[in-house]
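In: Quick one: sequence plus predicted model below, questions after.
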Number of protein chains: 2
Amino acid sequence: MGSFTDIGVSAGINILSALGFLLAFAVLRIQPINDRVYFPKWYLKGTRSSPRTLGAFSKFVNADLSTYLRFLNWMPAALKMPEPELIEHAGLDSTVYVRIYLLGLKIFVPIAMLAFAVLVPVNWTSGTLETEKSVTYDEIDKLSISNLGKGSKRFWAHIGMSYVFTFWTFYVLYHEYKVVTTMRLRFLANQNRRPDQYTVLVQNVPPDPDESVSEHVEHFFAVNHRDHYLTHQIVYNANHLSGLVEKKKGLQNWLIYYENQHAKHPAKRPTMKTGLWGLWGRRVDAIEYYLKEIEELCKQEDEERQKVITDPNSIMPAAFVSFKTRWGAAVCAQTQQTSNPTVWLTEWAPEPRDVYWANLAIPFVELSIRRLLMAVLLFFLTFFFMVPIAFVQSLANLDDIERRLPLLKPLIERNSLKSIIQGFLPGIVLKIFLILLPTILMTMSKIEGHISLSGLDRRTASKYYLFLFVNVFLGSVITGTAFQQLDNFIHQSANKIPEIVGESIPMKATFFMSYIMVDGWAGVAAEVLRLKPLVMFHIKNTFLVRTEHDREQAMDPGSLDFYNSEPRLQLYFLLGLVYAVITPILLPFIIVFFSLAYIVFRHQIINVYNQQYESGAQFWPDVHRRLLIALMSSQILLLGLLSTQEAEKSTVALLPLPVLSLWFHWVCKGRFEPAFVKFPLQDAMVKDTLERAHDPTFSLREYLKGAYVHPVFQKNDIYERVAIDEEEKNPLVVTKRQSRMNTPVESKFTSSSGTNEGEFSRLPT
Amino acid sequence: MGSFTDIGVSAGINILSALGFLLAFAVLRIQPINDRVYFPKWYLKGTRSSPRTLGAFSKFVNADLSTYLRFLNWMPAALKMPEPELIEHAGLDSTVYVRIYLLGLKIFVPIAMLAFAVLVPVNWTSGTLETEKSVTYDEIDKLSISNLGKGSKRFWAHIGMSYVFTFWTFYVLYHEYKVVTTMRLRFLANQNRRPDQYTVLVQNVPPDPDESVSEHVEHFFAVNHRDHYLTHQIVYNANHLSGLVEKKKGLQNWLIYYENQHAKHPAKRPTMKTGLWGLWGRRVDAIEYYLKEIEELCKQEDEERQKVITDPNSIMPAAFVSFKTRWGAAVCAQTQQTSNPTVWLTEWAPEPRDVYWANLAIPFVELSIRRLLMAVLLFFLTFFFMVPIAFVQSLANLDDIERRLPLLKPLIERNSLKSIIQGFLPGIVLKIFLILLPTILMTMSKIEGHISLSGLDRRTASKYYLFLFVNVFLGSVITGTAFQQLDNFIHQSANKIPEIVGESIPMKATFFMSYIMVDGWAGVAAEVLRLKPLVMFHIKNTFLVRTEHDREQAMDPGSLDFYNSEPRLQLYFLLGLVYAVITPILLPFIIVFFSLAYIVFRHQIINVYNQQYESGAQFWPDVHRRLLIALMSSQILLLGLLSTQEAEKSTVALLPLPVLSLWFHWVCKGRFEPAFVKFPLQDAMVKDTLERAHDPTFSLREYLKGAYVHPVFQKNDIYERVAIDEEEKNPLVVTKRQSRMNTPVESKFTSSSGTNEGEFSRLPT
């Protein structure tokens, strides 16, 4: 364990780097040239179409010095937007996600105060470390549980506090689950008419020798949901067609680019080479060439489109079935249709933009085999990921490279370079793996066959959490690879495992403090700076942006990436709960992280992120479950730690805690989880009745037509716009969006639109 | 381990005792006087009302010697009834239950043949035990895996066989699950109109300040199931009233008895004393006394009845809600009603006779607390049951008794008696506990708040299986109390546990062989003899039977007692699967048990048992799950055993087995379990449509009226009769019951009914 000085130095460095990021952000964000990097959400919402400039002076650099003085003004601004408006602006998913950080504060601020009032004095005054001369210790150890002698009576204070912390966490978690449930139910109740409210996804339609899939679906539901069935939409396998459409889009961009060039220099027809990357081949007239290419592709596309629609093999045994009422859809989604539970599987249709089209047609048995394989793979990935990494690292051995590419020898042989590469290469291989890991896990989830993007996110988050728990948390506490740990654990007794882990935990407090500062503080500050999107935007803007559409593409607002960010965030809950009793000094670091992250992510969801879908906070049961896993781990590890301190008898007093936590989990699951899985009939009936009274002549069939058509069959991205339009027309609260276009910092800017467009498109390609 | 001779002697004794039981049964069953003990089912069915007698010779003793010669004829007779008729005669529950024994044969006969063809020669020819002079061994050990030397290559044969056995078990289990599912679905589809098909049980109706429970229920369902709601039945808390009704029944029996006496001796008015048990008190005219008592009780009962109906406090917040169609009921049972998932909880109503009325009104939160408490209690009961037993045993210490009751001293001090009592007393206390255990567990299940008798049976069976697995199976393998084992296991490493158990398993083969013979063979033979009901019937018949109704009561057909018998039976699957690879010589014992039990229980369900309810084989998922637990235990224990035999590398080849078993469990669960939990809408729709076409004028409201009224509000047991009548009227197959009244053995008897009634009622009281 480090001394106060060590921690102080480390904290200083990290605070400075975090402040550096924040300062850079504060400066960069008020430059008009970066407007599309730091405020893309407003562009996508359609309320802003060009950066605000400072009068006529500069379109690229902000020269108003007074704005620099108020460079931290974005922080209160981020907190200002009230929650109902935030839901309407950024969606319920994002709003609830940000509440997780707030939840961290709600849990840890009172716990920290209590711990500092009770446990720190108890630890500090014990003085066991001072009397034992043989042990080297630091000041921080004196504040931790290590300062208590073996068999001390003072452990009762820790046991008592453990109960208090547990019950406080129960209370906050229960309350939060209740609030989120209410928010979700209100959100669903206030939602305007949406196609997914009436629609159920049917999978595994059994083959019928006499009828097509479409006829079969129609007959089945017309019979078994006689009074409620309205219409259905067949699912086509259009993967090849999407490829063609993508290709055509690219060609069209090039065509527009050359047409623009020609318009600027009417005298000179633009030419190009047909070969690879325009470097080789015959020189041709570019506009003519692309017109011809596009024409050809259009023909191909039409053929493919015809083929998909007419070929029975490209029809998947799945369909989106719509009902006359929400009640009918709710009934169909929650019931079993036939006596064979592997066919005619029904579930709520995800939002149209949330559908993961490629997975709609996996048979039941194949699905269970895929899940088995992925479960086995996940196990190996979690516990044995070091094996392939070590193999790649050994391949990347310099001597090996020398032997294969002798001409690099003189370069490599230089001693300084060699040692640097030798030192970095293994680390880089591991780093690349860790960066790729969420993507690998996401691919595994896709293979598992989930049918919505939100479902994929949730499943991937579970996998990632397992990996982080085993390899980052346990792996840092007990040094060694996960594989070695697994081997250790198998050969240890059941009560030895928490003992081993528990015993090492106090010693790792300093390490985790540094971890929180580096990964938490600096990481969050780096998040707000958006370094990568910033650089990428400017590179694209300079070299690649040819059309206005390209600039839209270059904007990359990103999204919350639940599958990647939530498991990392859970790690802080785990650390906080584990160290709350053992080394309370760690708690302030966690609290700083949660405060900073809360402000930053609230700012990001308001100004930057553009969520891909809206699931209505369906991830909350997962978040809650992982929080309880963290709580139970902390209880079991404390149990393990105390049982090594010759306080066995008092340790028994901790045994009810994990049982209570498990029970609390079941209570919450029974009390709240159905609201995230099922849609109650009463609510459906209320909405149906209101709607019938309000709009009796509405043609639902017309409305639903095309809602669940595969994106490639829709000429434009109509379906995305529809959802947003609906939201705009009938906001939850009266929107203040017009006035918010001028957030405090930018309040003086006058928006002068239109003039920049030419400016940007005239940039060299 | 014992030698062949030991096992032979033990087998001989047990075979003899089993044969003795069977012989006694064969003789006793053909005595007319025992007819109501061995054929009560036929009396209850109403197809037999008096024993068949041999002409005029004797009503008590069978004197036709030829019938004694064919004394084992009941065995083929028991096998003769075809399955569809058996379902119609004894119900699906009983029929499927008997199939479990057949399943045992299907699994173990091929496994035994393969094991004897492959593993026994492999073990026998190894000869390690012969070369190691230091080890004492028996012949049986030479047939078991112990005969292989450490690190022998021959273990591969066992690993291979383990795979073969696993896949064979998978195949049989999958097939059986499929068959049972089909049977259940066909049974439900063929069932005639029954009240539970239209009815849903609603629990936790929230209180409403303005409306009564009944109004609230009516309004809620009339709104939210507008097109389907028909009527509902409120649930009253009528526990006190049932007490009064019971008391009245007893008094009425006495009245009938005295009236009978008076009728036989008209000259003498029967008199009685009013005090305790008719021994003390004033002598009064018995008939007058009872007439007055009954009149008073009737008045009390009427008052209580009025009070229950009018007092709002005796109305429970639960109701049976009936729908116009099965479709409507299926929808309501499977969906969530309101956004608060702890109120308006709906589930399929159990059959009227399956309802456990006392548990209908437990609030959601109380329910979860009760379940937590029972789970904790079950844990302690399983692992620490020896603690209170030991305490009681120490109380029953003779020296202690001597000190407290000095007058017994001379009696106890006799040495021979003392040692006998000292030896037996602790055993008797334990035995009493074990006999009471299923009842204790059933009480715990009742406290958990399940609302149907079938549900109580299933939950109790799970608890009992856990107890047997830990205390009988593990407790026999590793000698010592469960508490010591638990302590051991906690202090052992995770992979040590299967090693310890696995290592002791081969040594316990002889013990389990004896266990199978005593508990299995002799136990089953004792079951068919029905010693306790036989004795009780004759005691009651001699001393207590006063009226015909009393004789009906004295009959005690019993039932399968799923909660008690199924877990014991599962133990044989566990033993068979565990020893299949390790000591195959045990398998024939298992096979004999399953064959004998199959015949005996098939005979019993045809002739004796009277099931209390019909759940449609809803217990099968539990049976299947426990079978898979047994399979996985066998795999893990084999793994543990092999890892102690210096065959670590080959052991790894066994690792996929438990994973595959777990996966198989999930596949079966997804594929079949919904058929046992939900009722598919298609099937409901088909039945509704057929019924509408068949019987368009039927008044469902009239039919359902009173179906779910608390038994005490029904004058007679109408509701039980209704269910049976329905079954009679429209049997699944054309019934052969009339002809089957003469089963082969009794084919010569001519039934002369009526004359015995007086005979029996004239027996002295």
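Out: Cool, got the structure.

In: Can you name the residue of the stretch 501-650 of chain A nearest to chain B?
Out: In the stretch 501-650 of chain A, the residue found nearest to chain B is A:Ser643; the distance is 10.6 Å by Cβ to the nearest Cβ. For glycine as for every other residue, the C-beta is placed from the backbone atoms N, C-alpha and C.

In: meant to ask about the stretch 301-450 of chain A
Out: Using Cβ to the nearest Cβ, A:Pro341 is the residue of the stretch 301-450 of chain A that sits closest to chain B, at 3.9 Å.

In: Pretty sure that residue sits against B:Arg671.
Out: Yes: here A:Pro341 reaches B:Arg671: they are 6.7 Å apart, a contact under Cβ atoms under 8 Å.

In: The two - which one has more neighbours?
Out: Ranked by neighbour count (other Cβ atoms under 10 Å in any protein chain shown), A:Pro341 and B:Arg671 place A:Pro341 first, with 22 against 19.

In: which residues touch that one?
Out: B:Gly670, B:Arg671, B:Phe672, B:Glu673, B:Pro674, B:Ala675, B:Lys678 (Cβ atoms under 8 Å, 6 or more residues apart in numbering or on different chains).

In: you'd agree it is in a helix?
Out: No: looking at A:Pro341 with DSSP: H, G, I helix; E, B strand; the rest coil, it is coil, so not inside a helix.

In: Can you report phi and psi for it?
Out: phi -80, psi 10 (degrees, to the nearest 10).

In: Using the record's domain definitions, break chain A down for me.
Out: What automatic domain parsing lists as the domains of chain A is A:4-193+A:477-698+A:734-746, A:195-350+A:704-733, A:364-448.

In: deepest of the ones you listed, which one?
Out: Among the domains of chain A, ranked by average contacts under mean count of other Cβ atoms under 10 Å in any protein chain shown, first place goes to domain A:4-193+A:477-698+A:734-746 (a mean of 19).

In: From the opening residue of stretch A:605-621 to its closing one, how far?
Out: With Cα to Cα, to the nearest Å applied, stretch A:605-621 spans 22 Å between its terminal residues.

In: right, is the one helix or strand A:Val376 maps to up against chain B?
Out: Using DSSP states H and E, A:Val376 sits within helix A:364-384. Yes: Helix A:364-384 comes into contact with chain B (Cβ under 8 Å from any Cβ of the partner chain), by way of A:Phe364, A:Val365, A:Ser368, A:Arg371, A:Leu372, A:Ala375, A:Val376.

In: and the stretch 51-200 of chain A, which residues reach chain B?
Out: Contact residues, the stretch 51-200 of chain A versus chain B (Cβ under 8 Å from any Cβ): A:Thr181, A:Leu185.

In: and the residue of the stretch 51-200 of chain A nearest chain B?
Out: For the stretch 51-200 of chain A, Cβ to the nearest Cβ, closest residue to chain B: A:Leu185, 4.8 Å.

In: Roughly how far does that residue sit from A:Pro674?
Out: Using Cβ to Cβ, to the nearest Å, A:Leu185 is found at 11 Å from A:Pro674.

In: Next, show the common contact partners of the two.
Out: Counting by Cβ under 8 Å, 6+ apart, nothing touches both A:Leu185 and A:Pro674.

In: Ignoring the adjacent residues along the chain, who's closest to A:Phe220?
Out: Nearest residue to A:Phe220, sequence neighbours excluded (Cβ to Cβ, 6 or more residues apart in numbering or on different chains): A:Trp344, at 6.9 Å.

In: Could you do A:Pro312 as well?
Out: A:Ser212 (6.6 Å).

In: does that neighbour really touch A:Ile315, like I thought?
Out: Yes: using Cβ under 8 Å, A:Ser212 is in contact with A:Ile315, at 7.3 Å.

In: Beyond the longest helix along chain A, next helix or strand please.
Out: In chain A, taking DSSP state H as the definition, the longest helix is helix A:155-190. Using DSSP H and E, the helix or strand that follows helix A:155-190 in sequence is strand A:199-203.

In: Sheet-wise, list the partners of that following strand with their directions.
Out: strand A:315-323 (antiparallel), strand A:345-348 (antiparallel) (DSSP bridges).

In: who's in contact with it?
Out: Contacts of strand A:199-203 (Cβ under 8 Å, 6+ apart): A:217, A:232, A:317-323, A:329, A:332-333, A:344-350, A:360-362, A:451, A:704, A:707-708.
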